[in-house]
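**Student:** dropping the sequence and predicted coords here.
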Amino acid sequence: MTYSHDVLRVATISPDTEAEGPGRRWAIWLQGCSLRCAACCNPEMFDPRRGTETTLAVLDAQLVAARTAGVEGITVLGGEPFEQPAGAAALAEAAHAHGLTVMVFSGYELAELRARPDGARFLAAIDLLVDGRYDRTRPEPPPPLGRRWIGSTNQTMHHLTEAYRADDPRMRAANTIEIHWKDGQLLINGWPSADALVRGIRTKEP
Ligand code: SF4
């Protein structure tokens, strides 16, 4: 499946979460992942035909609203963000234009991404990259022994810009789970393990 540069196939969006990276973030789960790691926590996001096609114009308006509300950055995950590299690059560039930082979770390793001719533009717009396939045989221990937001010990957090410091205390805080009420449905996001702290329920709509 090919994607237009101004449309992304989206699984879901959390407009204001503190469970998917440093600080308050606008998080987007992109639909489609061909890597299919065993025990992936989002198998419903494998099929690239599912999800909702969403224009960058619509997403850009959400970024403006998020920035106005005090969100500090966006997080792009999925699914596999680099399976929609042009649209994801445009989204990340828009985020920077609005003063938002960009964090991305990819199942591909950084060396693989750098070898891809279609990955350079997206990579250039990322501040914080967590790379590598999830390996359930090598689980990351929970913080403070392990790293926050990291699933398995083979994965690496790359600081591609100076937006975040490795010694930022938020990098070693406990993982969290959030429960949101959105569009008439419950959305649970964050860290799917027993060590995670449940941050509470936010009602986004009456
Ligand atoms: S790369 Fe990520 S989304 Fe894709 S199968 Fe692996 S853990 Fe799941």
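**Tutor:** Arrived safely. Residues are numbered from 1 along each chain as shown.
**Student:** hey, let's count contacts and neighbours off CA atoms from now on
**Tutor:** OK.
**Student:** now do the contacts for residue 129.
**Tutor:** Residues near residue 129 by Cα atoms under 8 Å, 6 or more residues apart in numbering: 103-106, 156-160.
**Student:** number of residues surrounding the nearest residue to residue 39 once chain neighbours are set aside?
**Tutor:** Leaving out its chain neighbours, the residue that sits closest to residue 39 by Cα to Cα, 6 or more residues apart in numbering is residue 136, at 6.7 Å. Counted by other Cα atoms under 10 Å, the residues lying close to residue 136 total 14.
**Student:** so residue 136 sits in a strand?
**Tutor:** No: assigned with DSSP: H, G, I helix; E, B strand; the rest coil, residue 136 falls outside any strand and is coil.
**Student:** show me the shaky parts of the protein.
**Tutor:** Across the chain, residues meeting the criterion (pLDDT under 70) sit at 1-5, 182, 192-196, 199-206.
**Student:** try it again at 90.
**Tutor:** 1-6, 142-145, 171-172, 174-206 (pLDDT under 90).
**Student:** what parts of it come near the ligand?
**Tutor:** Contacts of the chain with the ligand, taken as Cα under 6 Å from any ligand atom, map to 33, 35-37, 40, 42, 78-80, 107, 133-134.
**Student:** out of those residues, which is most surrounded?
**Tutor:** Top of these by neighbour count (other Cα under 10 Å): residue 79, with 30 neighbours.
**Student:** what does the longest strand along the chain rub up against?
**Tutor:** Longest strand in the chain, counting residues (DSSP state E): strand 7-17. By Cα under 8 Å, 6+ apart, the surrounding residues in contact with strand 7-17 are 24-31, 45, 48, 50-56, 62, 66, 71, 78, 84, 87-88, 178.
**Student:** ignoring the adjacent residues along the chain, who's closest to residue 157?
**Tutor:** residue 130 (4.4 Å).
**Student:** typed the wrong thing, it's residue 28
**Tutor:** Here the residue nearest residue 28, using Cα to Cα, 6+ apart, is residue 13, at 4.5 Å.
**Student:** how many other residues sit next to that neighbour?
**Tutor:** Quick note: residue 13 (other Cα under 10 Å) scores 18 neighbours.
**Student:** before we move on, the earlier item: okay, the contacts of residue 129 in CSV with secondary structure and neighbour count next?
**Tutor:** As requested, the contacts of residue 129 are exported to CSV (DSSP: H, G, I helix; E, B strand; the rest coil; neighbours: other Cα atoms under 10 Å):
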residue, secondary structure, neighbour count
103, strand, 26
104, strand, 29
105, strand, 26
106, coil, 23
156, strand, 16
157, strand, 19
158, strand, 16
159, strand, 16
160, coil, 15
